[in-house]
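*Asks:* Next input, structure requested:
(one chain, ligands or ions: 2)
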Amino acid sequence: MYFLGIDLGTSAVKIILVEENGNVIGSTSKEYPVYYPQPGWSEQNPEDWWNATKDGIRELIIKTGVKNDDIKGIGLSGQMHGLVLLDENNNVLLPAILWNDQRTQEECDYITQTLGKERLTKYTGNKALTGFTAPKILWVRKHRPDVYKKIHHILLPKDYIRFKLTNEYATDVSDASGTLLFDVENRKWSKDMLDALDIPYNWMPKCYESTEVTGYVTKDVADLTGLKEGTIVVGGGGDQASGAVGTGTVKSGIVSVALGTSGVVFASQDKYVVDEENRLHSFCHANGKWHVMGVMLSAAACLKWWIDNIINFNGSSITYEKLLEEAGKVTPASGGLIFLPYLMGERTPYSDPYARGSFIGLNMTHNRGHITRAILEGVAFGLRDSLEIIKELNIPVNEVRVSGGGAKSVLWRQVLADIFGVRVDMVNATEGPAFGAAIMAAVGYGIFKDVEEATSELIKVNDSVYPIEENKDKYNEVYKIYRNLYYTLKDTFKDVSGIE
Ligand SMILES: Nc1ncnc2c1ncn2[C@@H]1O[C@H](COP(=O)(O)OP(=O)(O)O)[C@@H](O)[C@H]1O
Ligand SMILES: O=C(CO)[C@@H](O)[C@H](O)COP(=O)(O)O
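*Replies:* Numbering: from 1, shown residues only. Ligands and ions are numbered 1, 2, ... in the order given. Now for the predicted structure:
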């Protein structure tokens, strides 16, 4: 028996086929573009997602040679918060507005002023942030009334794929948590919040727990992909909850770090807990419980920007490996060069769409290796900001498990261990969110009693990096400087962000 895990990431869709014993028998990944039509805007075309996904599924089935009858279930994971709008004929009305899009500060201010912080926390467990879905809906109402009046359905990115697979409008509790329209404590849409913002309840997809069956593969999709008609599709999760399942971060004490386009520090919670200052997001987890997390808008994306936009700008093809090798030759703290990773503004801890990336401390001795290393360190310092809040809330941090594209680099994992001052582990399942989604499908089909049983059977730590004392002390000193830089530059960021 096999289970298909689909993770609709920001850079690519990753699809894996997993045996019931956790063995990954095949995988495929297909990229699609992100469009930045204006500074701070970030969009993708939902049709690109679907084309990549259907082609990927077909290829994977052919490549692995499995009988479609043996694929017993599908789990979906995906980039969170993105707004997909459908009209009455299910046509996509606008490019999807993504999680890292920053155009909605005015709408966030409106939401906070209209409801007040206390009511907002009571209804949703969270504060209004530019990346969340509700302010995006209000933005469309104000700036694209022509589009707004045609809306019939609102979906999150992975749920658009679900719709294409099953014809059902559905989502899961972990992804719904990131809309700011969800009652996280009671795991259902917040009627109060929808009413307060005057958003019709019937636009929202039906909400399920992550392991529940939400629909079945249609005949058309079966013909298109090679899947079997009637294969179950379970709720799945937002990519962070799915990634946490994929690393076994399902009980208190384990903290996971995702080094993807975004950077996330995620702590599983047995009970619903809200950070009173709303510095962390409080969301439903995919195991029937809850979690808190801090999110950086640009993490491994900073390294990708450095390679794509600067190093290889003129068509050269210098690899990640080459650049990371150069960075490995540079001493910790990059000879006094500090990078602030706010290339798309920042969410945790500043909630500031105007924050900008910066290099501080450049001097004549620095070369390309110093800059690459400073990027790795700046991202790790940004993640430490979230870890510090988690510690302040007395959430135990016994173990840190890292995943995502950036975790492929052992140097970056060492930098993380040194800056966090704790051991950083990798698990056997390196596919993170796609693996978590496949686990949810296996639970939904009935192979495992629940997510905990599945993860304790299938996921094992298989590589650990320990902090080096000398580096740890040095980084502690540099972190103090790093923390002050945002406040020193805050006003300047706002000034430069207005320059075209
Ligand atoms: N060999 C590598 N070493 C370090 N980072 C890498 C490497 N290859 C890719 N990456 C980083 O991985 C990121 C993509 O990670 P991924 O987890 O796939 O993101 P997403 O889920 O957002 O699509 C890219 O932004 C890139 O910087
Ligand atoms: O906004 C968040 C979580 O709140 C992001 O984590 C997105 O969910 C996209 O993540 P990646 O593409 O980096 O996996």
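*Asks:* quick one, what contacts the residue of the stretch 101-250 of the chain found nearest ligand 2?
*Replies:* Closest contact between the stretch 101-250 of the chain and ligand 2, by Cβ to the nearest ligand atom, is at residue 239 (4.4 Å). For glycine as for every other residue, the C-beta is placed from the backbone atoms N, C-alpha and C. Counting by Cβ atoms under 8 Å, 6 or more residues apart in numbering, residue 239 touches 7-9, 77-80, 258, 260, 433.
*Asks:* Show the pLDDT at it.
*Replies:* If you check residue 239, the pLDDT there is 96.
*Asks:* Quick one, grab the pLDDT at the closest residue to it other than its chain neighbours.
*Replies:* Spatial nearest neighbour of residue 239, excluding adjacent residues (Cβ to Cβ, 6 or more residues apart in numbering): residue 433 at 4.5 Å. With respect to pLDDT, residue 433 scores 95.
*Asks:* Check the spacing between residue 433 and residue 398 real quick.
*Replies:* 23 Å (Cβ to Cβ, to the nearest Å).
*Asks:* Can you pick out the residue with more neighbours from those two?
*Replies:* The neighbour comparison of residue 433 against residue 398 (other Cβ atoms under 10 Å) goes to residue 433, with 36 against 10.
*Asks:* Specify the beta-bridge partners of residue 43.
*Replies:* For residue 43, the beta-bridge partners under DSSP bridges are residue 35, residue 97.
*Asks:* Quick one: the contacts of residue 239 as TSV, columns for distance to residue 164 and secondary structure too.
*Replies:* Output for the contacts of residue 239, formatted as TSV (distance: Cβ to Cβ, whole Å; DSSP: H, G, I helix; E, B strand; the rest coil):
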residue	distance to residue 164	secondary structure
7	16	strand
8	11	strand
9	17	coil
77	16	strand
78	13	strand
79	16	coil
80	19	coil
258	26	strand
260	23	coil
433	19	helix
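*Asks:* Between all of those, which two are separated the most?
*Replies:* 8 and 258 (14.7 Å; Cβ to Cβ).
*Asks:* hang on, the earlier thing: narrow the contacts of residue 239 to those that are buried.
*Replies:* 7-9, 77-80, 258, 260, 433 (16 or more other Cβ atoms under 10 Å).
*Asks:* so which of those residues are also by ligand 1?
*Replies:* Residues of those in contact with ligand 1 (Cβ under 6 Å from any ligand atom): 9, 260.
*Asks:* just to revisit the earlier point, separation between the residue of the stretch 101-250 of the chain closest to ligand 2 and residue 24?
*Replies:* 18 Å.
*Asks:* ok, which stretches of the stretch 51-200 of the chain are strands?
*Replies:* Listed in chain order, the strands of the stretch 51-200 of the chain (DSSP state E, counting those that start in this stretch) span 71-78, 84-86, 96-97, 153-155, 170-172, 182-183, 188-189.
*Asks:* Give the pairing partners of the longest one; include direction for each.
*Replies:* With DSSP bridges as the test, strand 71-78 is paired with strand 2-8 (parallel), strand 232-234 (parallel), strand 237-238 (parallel).
*Asks:* cool, and the fourth one?
*Replies:* Strands flanking strand 153-155 in the sheet, each with its direction: strand 84-86 (antiparallel) (DSSP bridges).
*Asks:* Let me see the residues that make contact with the strand it pairs with.
*Replies:* Strand 84-86 is contacted from outside by 46, 92-94, 96, 140, 147, 151-157, 159-160, 163, using Cβ under 8 Å, 6+ apart.
*Asks:* show me the contacts for the residue of the stretch 401-500 of the chain found nearest ligand 1.
*Replies:* Nearest residue of the stretch 401-500 of the chain to ligand 1 (Cβ to the nearest ligand atom) works out as residue 405 at 2.0 Å. The contact partners of residue 405, by Cβ under 8 Å, 6+ apart, come to 11, 259-260, 300.
*Asks:* Which two of those have the greatest separation?
*Replies:* Across these, the longest distance by Cβ to Cβ is 12.5 Å; it joins 11 and 259.
*Asks:* Between these two, tell me which one has more neighbours.
*Replies:* residue 259 (28 against 17).
*Asks:* Make sure that one is actually in contact with residue 401.
*Replies:* No: between residue 259 and residue 401 there is no contact under Cβ atoms under 8 Å: 11.4 Å.
*Asks:* For the residue in the stretch 1-150 of the chain that ligand 1 sits nearest to, which non-adjacent residue is spatially closest?
*Replies:* Here the stretch 1-150 of the chain gets closest to ligand 1 at one residue, residue 9, 2.7 Å apart by Cβ to the nearest ligand atom. Spatial nearest neighbour of residue 9, chain neighbours left out: residue 79 (6.1 Å); criterion: Cβ to Cβ, 6+ apart.
*Asks:* One more: residue 264?
*Replies:* residue 258 (4.3 Å).
*Asks:* OK, contacts around that neighbour?
*Replies:* Here residue 258 is in contact with 239-240, 243, 264, 266, 299, 402-404, 432 (Cβ under 8 Å, 6+ apart).
*Asks:* Could you work out the most separated pair of these?
*Replies:* 239 and 402 (14.9 Å).
*Asks:* Tell me which of the contacts of residue 258 fall in helices.
*Replies:* Residues of the contacts of residue 258 located in helices (DSSP state H): 239-240, 243.
*Asks:* Can you name the residues of the stretch 301-450 of the chain that neighbour ligand 1?
*Replies:* Contact residues, the stretch 301-450 of the chain versus ligand 1 (Cβ under 6 Å from any ligand atom): 301, 303-304, 320, 324, 404-406, 408-409.
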